[in-house]
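Asks: Generate coordinates for the sequence data below:
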Amino acid sequence: MVNLSESVSLILEKEFESAEDFDVEPLGSGASHETFSAVSEDRELVVKICDDDWSGLPEFEKGFELDAPVLKLVREETSIPVPEVYAYDNSETEFNFKYIVMERVEGKEMYEFMEYSENQHLIRQTGELLGELHNKIEFEDFGGLKATENDFVEVEPQEWSSMFKQLIWKITSHLEKIEAQETRDRIRNIVEENLHLLESRDNPVLLHQEFSPRNMVGTSEGINAVIDWERAISGDPEYDLATAEKHIIQARDGNPEKRENAEQIRKILYEGYKSKRQLDQGWEKRRNLYYLPYITLMMYITANREENIIEVELLQQLEKIEEEL
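Replies: Residues are numbered from 1 along each chain as shown. Alright, predicted model coming up:
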């Protein structure tokens, strides 16, 4: 793609037929998109352009094309704050790429505030929002999601245990890049031996899959928006909760070591969640399986690339999971 800022200007010219003069600036990038701010006298917008849907996703994750339809669904069915979508195009015809134009929500990434003990209300709010999501948007089947022509979201049915195994196989394949095949096989064996724990799950709901402070915008007063829904699927709510827990306990700089008040954070998060949705019997054991995708990805991200060494803290977490399963 050449000169994305000019492309953003052309998108805005198409979607807003007024003579508004937008000041376009890059905001950052994600695994599959580039993000820009667009500010005029009357509007403050965010424009996301899909430059390459990340190949690291399992087949049932649709990526960028789901972001806008799921945002609309969440906005219509829940009180969870999400940006309003003004326009989007997944056709890749006029501009040869997918894009979304949405409101710019005031605030900063929530890691900015959640690391301080006086802001524990933000941890509880995270649990409450996730509990509401799982309580309000349920599906008849597990599976990947697809957007219909009428902006509805439909499920492509698949067994949950099969989805989770596919997810783990995809993520653990990254360990091959740091020559950690032994750890890859170790994680896969844990899943194979305990997959029966997931076969009786029968409560599919909308999952964000990375309900993390990194995907929340707000202030010390509260969360103003949950963003980046492009990995959304229909799955087991306990998986979303376990992943959220790991992300919140993670240090702001990405260090996988637990924060000093990890147990208190976990307690507050779960209290918030259970105020909106109760957990099923046996959830604590299943949670050990649901920690694995996060731990595996962190193994790859934080590894010493020169010596292909995995962080000791993560190997200890893996050993603890083996003991508790």
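Asks: Look up the pLDDT of the residue nearest the centre of the chain for me, please.
Replies: The residue lying closest to the centre of the chain (C-alpha atoms, centre = their mean) is Glu210, at 2.3 Å. Looking at Glu210, its pLDDT reads 95.
Asks: Secondary structure class of Pro69, three-state.
Replies: helix (DSSP: H, G, I helix; E, B strand; the rest coil).
Asks: I'd say the residue nearest to the centre of the chain and Ile248 touch.
Replies: No. Between Glu210 and Ile248 there is no contact under C-beta atoms under 8 Å: 11.6 Å. Placement of C-beta: from N, CA and C, glycine included.
Asks: got any ranges where this structure has weak pLDDT?
Replies: 1-2, 18-19, 31, 53-55, 252-254, 256-257 (pLDDT under 70).
Asks: Check which helices and strands the longest helix along it sits against.
Replies: Counting residues, the longest helix found in the chain (DSSP state H) is helix 120-136. Helices and strands touching helix 120-136, by 3 or more C-beta pairs under 8 Å, 6 or more residues apart in numbering; DSSP states H and E, are helix 111-114, strand 205-207, strand 222-226, helix 237-249, helix 262-274.
Asks: if we go to 7 Å?
Replies: Applying 3 or more C-beta pairs under 7 Å, 6 or more residues apart in numbering; DSSP states H and E, we find helix 120-136 packed against helix 111-114, strand 222-226, helix 237-249, helix 262-274.
Asks: Let me know the angle separating the last one from helix 237-249.
Replies: Same thing as helix 262-274. If you take axes from the mean of the first three to the mean of the last three C-alpha atoms, to 10 degrees, helix 262-274 sits at 140 degrees to helix 237-249.
Asks: Pull out the buried positions in helix 262-274.
Replies: Under the neighbour-count criterion of 16 or more other C-beta atoms under 10 Å, helix 262-274 has Ile265, Arg266, Ile268, Leu269, Tyr270, Gly272, Tyr273 buried.
Asks: Number of residues surrounding the closest residue in space to the third one that isn't next to it in sequence?
Replies: Spatial nearest neighbour of Ile268, excluding adjacent residues (C-beta to C-beta, 6 or more residues apart in numbering): Ile123 at 4.5 Å. By other C-beta atoms under 10 Å, the residues close to Ile123 number 25.
Asks: now Glu176
Replies: For Glu176, using other C-beta under 10 Å, the count is 11.
Asks: Please apply the same query to Val312.
Replies: Neighbours around Val312, by other C-beta under 10 Å: 10.
Asks: Repeat that for Phe16.
Replies: Around Phe16 there are 18 residues (other C-beta under 10 Å).
Asks: For it, which non-adjacent residue is spatially closest?
Replies: Arg43 (7.8 Å).
Asks: Compute the distance between that neighbour and Leu71, please.
Replies: Arg43 sits 18 Å away from Leu71, taking C-beta to C-beta, to the nearest Å as the criterion.
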